Structures are given as C-alpha cells and as structure tokens.
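Q: What follows is a predicted structure for the sequence shown.
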Amino acid sequence: MSPESEYQNQSDSALACYQRLGGAQSLEAFNSGHQVADVTGLMAASGKQNWNIWAVSYGTRTAMHVLRQAPATLRSVVLDSAFPPEVNGFLAKPEQLARALESIVAACEQGKACRARYPQLASQINNLLAQTGQAPIKIEFLQSVGMAPVSLAVTDLRLLWMLFFDSYLNHFETDTANAVARASRGQKSALEPMAQRYVHTLLDTSFSSAVYFAVTCAEDWPGVTQAAYHQALARHPRVAAYLRPEWQYAVCRFWDSGTLPAQFNAPVVSSVPMLFLSGEFDPATLPEWAQVAVQRLPEAHLVEFQGASHAVTFSNGCAMRSAEEFMHAPDAWRAPPCAQEINLNFAQRGMKPRRATKGENHDSPLWEPHRADPAASHGEFLGLKLGRRRCFTGLQVYPFATVYCVSPGSGLSGLSTVLLASGNICGKSRV
C-alpha cells in the first residue's frame, strides 16, 4: 500500500466519522477556545486564587492560553514539553518525523553499549524503510489474551510512524535499535514489539481522533497554504516522500470545527513565573520551541534534560522534583543540583549555560514530601496533559488533557479536578 493510498483511506474514514457525528454544528464546541473557557470558568467558579498550573504536551498550549486570558489568577506555570500556540502543528510534522529518525540514532550513539552494538543504525533505518516501501512486512501477534491475533502490514509509512512513536518514549532507543538491526537483516519478527506498541497507540480509547481533528483543524489549518507545506517538506527531504500526499487528502479540508480569533495563535507574553522542562530527544515538542518561547517571558526558566524525550516529568525524577520545587517557591526558585538551567536570556541572574544530565536522582520517586513550612500557602494546583496516558491518581477529562492529583505529602494545599468533555466520541477505533 502506497502512502497515497493510506492517506486516502484515513481521509475516507475521517469523513464518514465527521458525517456520522453531524458535521460542524455538532463539533464546534470541541476546540481549544472552548477548552480554555472551561478551565478559566471553573477556576473562577471555585472562588480560589493563586493557581499553580502543571501542563504536559498539548496541555501546555491550553495552559499558555489560560495564562494569556487570566494571568492575575496564576501563581506559577510549569510547562513540560511545550507546544506554544505560535507553532503550526501541520507544518511542523515534517520536522517532527525527521527529528524522530535523528533522535533514535543520536540516543543510541549517546550510550556506549548501544553505539558499539549498532554502529550502522542510521543506514539500517534507511534500508528498512526502503524494504518496506517495496514489500510490506506482515506481522501477526496477540494484542491481549483471549482476543483474536492482530495482523499488521508494516509499510514504509507505518514504519516511519512506528519509529516516531518509539522515539516519543523515554529510553526505548536500545530496543528500537535492536528491532531495526535484526529486521534489516531479514528477521522480520523482530518488529513485533514495535508493531504492538504502534497498534496499542492507535487503539488507545483515551484518545479521540474526532476531537483531535476538531482541535487541530481549528488551530493549525487556517492560513496554511500548499506552498508553505511544500517548503516544510523541502527542509526535510528524508521524510518528504512519505508526507507529500497528505496535502491532497488532508482531513482539515472538510473538517469544520469553528473559527478561533486571529490572535489565538499569537505568541504569549507574560510576567508570571514559569518553568519550561524539555527533553533533548523529544520529536513531538521540539526543545527549540521552548527555547524560542522563553525569550518573550522575562520570568521564565528553562531546563533541558539530556537523553530524555517527551513528557520528562513522567520519566525523570529530577524533572518532577524541579517542577514541585518551582511550584512551592516560584519567585525564589533555583535549579536543583540534579538539573541546571539553560542560560538563554537570563544572564542577569548570574547563571552559566548548562544542561541537565542523567544524574543520580534520575530514577527517584516522582513525588517526595516537600519539607516546607506547613503554614505557608502554596496556592491551588491544576494539571493538564496530552491524554495518551492514564493519570497516577486523577480524572481523565479531555482527550487532550488530564487533571493530576498530587500526593498528600507534597505540601501543595489545593486540588482542582476539571471535567472538560467526555471520552472517545468516535468509538474505540481511531479514524
């Protein structure tokens, strides 16, 4: 199956879903403008002030819009894997996929054992993409006990997305390198773990493709031209052939979910204390996006974690500790010993340019008791994240956002659980 056929199939499935849901009138409430209104409205209805927002991935975009609309209610904002509103998700896709291929190789090269075992990883990835472009590899496996086997034809486009999803995770580079190396030598069954993760992602019922299209088509599609898309492809020739047909079959051509104000995609400027956390190898929310965003935010800090990928607060104890300590004392925060700040425009703070590394605290618990004054007020807490994972203790709220609880020992004094919208409105299958 060619990439063009796959895009056409996706477009046909999405159109059937769109029509089944009743079209634009049924979907106009599912965009980020309404989500931000829900968040700010519920914060106001609570009667509480001094909110601390912890946001992850797409949730960072929601958080930045909340910051724009209601800065006086916010005490601090922590953005893990930032997706600023000025970044166009549709035009960013070529760079994201190209970065995924680069990140897998770079992460492997960073580890001595992986580098020694897979010295030809980049060429093996290229060879395997070429092989699957000529003849798809059929993989069959059991996704869960008691269910019929799953059969997946791994085409070049699907392999590219399998590699992207693996690079999205933290510390999968050795497993991915092993699978690619073996498969490129003819051991096709080596791709089974990657295929399982790929299918699990596609069938994840916490993610709604309908809401995804409603949000991205309202935010990213307006104003995008074919010329701009081809320019984005030209900058990343390694993945251009796989993505070029997408323009012709773009779901946003027919998926109407309302119109957002022109300033919705403008950069956010604020003096609220903020902490940006990034992973060096994150292909989904590129570290450079945070580096650009902080230039307009005089009270922002940025820490980039070496060797990490997406959503660092879920995989890196030092990142979580940094977020927790920042929310306790945003005005007096300094990077803990396990994580040092990148100096971009903060020379006045006397900090030298350093990057956080994998330290001894890397695998420490996500939450530890904070030894702060119990009488101190640390404000209310609200967490927003991309809904691809379940929360530790919390409530799944929007297919893009989850509210997280914090442990009783964290010292944070408040909690808000926000119900924004219900689950998968297109059923269990990802369109």
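A: The structure has been received and is ready for your questions. Residues are numbered from 1 along each chain as shown.
Q: how near is residue 104 to residue 143?
A: Look at residue 104 and residue 143: by C-beta to C-beta, to the nearest Å, they are 24 Å apart. Where C-beta positions appear, they are placed from N, C-alpha and C, glycine not excepted.
Q: State which helix of this structure is the longest.
A: For the chain, the helix with the greatest residue count under DSSP state H is helix 89-110.
Q: Which strands or helices does that one pack on?
A: helix 112-117, helix 121-134, helix 156-168, helix 173-184, helix 209-219, helix 226-234, helix 237-243 (3 or more C-beta pairs under 8 Å, 6 or more residues apart in numbering; DSSP states H and E).
Q: could you redo the last one with a cut-off of 6 Å?
A: helix 121-134, helix 156-168, helix 173-184, helix 226-234, helix 237-243 (3 or more C-beta pairs under 6 Å, 6 or more residues apart in numbering; DSSP states H and E).
Q: Could you pull out the buried residues of the last one?
A: Applying a neighbour-count criterion of 16 or more other C-beta atoms under 10 Å, the buried positions in helix 237-243 are 239, 240, 242, 243.
Q: Leaving out the residues flanking it, which one is nearest to residue 90?
A: residue 220 (4.5 Å; C-beta to C-beta, 6 or more residues apart in numbering).
Q: Distance check, the residue nearest in space to the middle of the chain against residue 71.
A: Centroid check for the chain by C-alpha atoms, centre = their mean gives residue 57 as the closest residue, at 3.9 Å. Here residue 57 is placed at a distance of 22 Å from residue 71 (C-beta to C-beta).
Q: Just read off the phi/psi values of the residue nearest to the centre of the chain.
A: Note on residue 57: backbone dihedrals following degrees, to the nearest 10 are phi 60, psi -130.
Q: now residue 235
A: Dihedral angles (degrees, to the nearest 10) for residue 235: phi -70, psi -10.
Q: contacting residues for residue 327?
A: Contacts for residue 327 (C-beta atoms under 6 Å, 6 or more residues apart in numbering) come out as 52, 76.
Q: Give me the distance between the two termini of stretch 16-35.
A: 25 Å (C-alpha to C-alpha, to the nearest Å).
Q: quick one: that stretch to chain centroid distance?
A: 22 Å (C-alpha atoms, centre = their mean, to the nearest Å).
Q: Check stretch 288-305 too.
A: Worked out by C-alpha atoms, centre = their mean, stretch 288-305 lies 17 Å from the chain centre.
Q: Over to stretch 110-128?
A: 25 Å.
Q: Name the residues of that stretch that are buried.
A: 111, 114, 118, 121, 122, 124, 125, 128.
Q: Test my guess that the fourth one contacts residue 106.
A: No: look at residue 121 against residue 106 with C-beta atoms under 6 Å: they stay out of range, at 9.9 Å.
Q: how far away is residue 40 from residue 230?
A: In terms of C-beta to C-beta, residue 40 sits 38 Å off from residue 230.
Q: In terms of helices and strands, where is the closest residue to residue 287 other than its chain neighbours?
A: If the residues on either side of it in the chain are set aside, residue 287 comes closest to residue 278, at 4.2 Å by C-beta to C-beta, 6+ apart. Using DSSP states H and E, residue 278 falls within strand 274-279.
Q: do residue 303 as well
A: Per DSSP H and E: strand 300-305 holds residue 303.
Q: quick one: low-confidence parts of the chain?
A: Residues of the chain that meet the criterion pLDDT under 70 lie in 145, 340-431.
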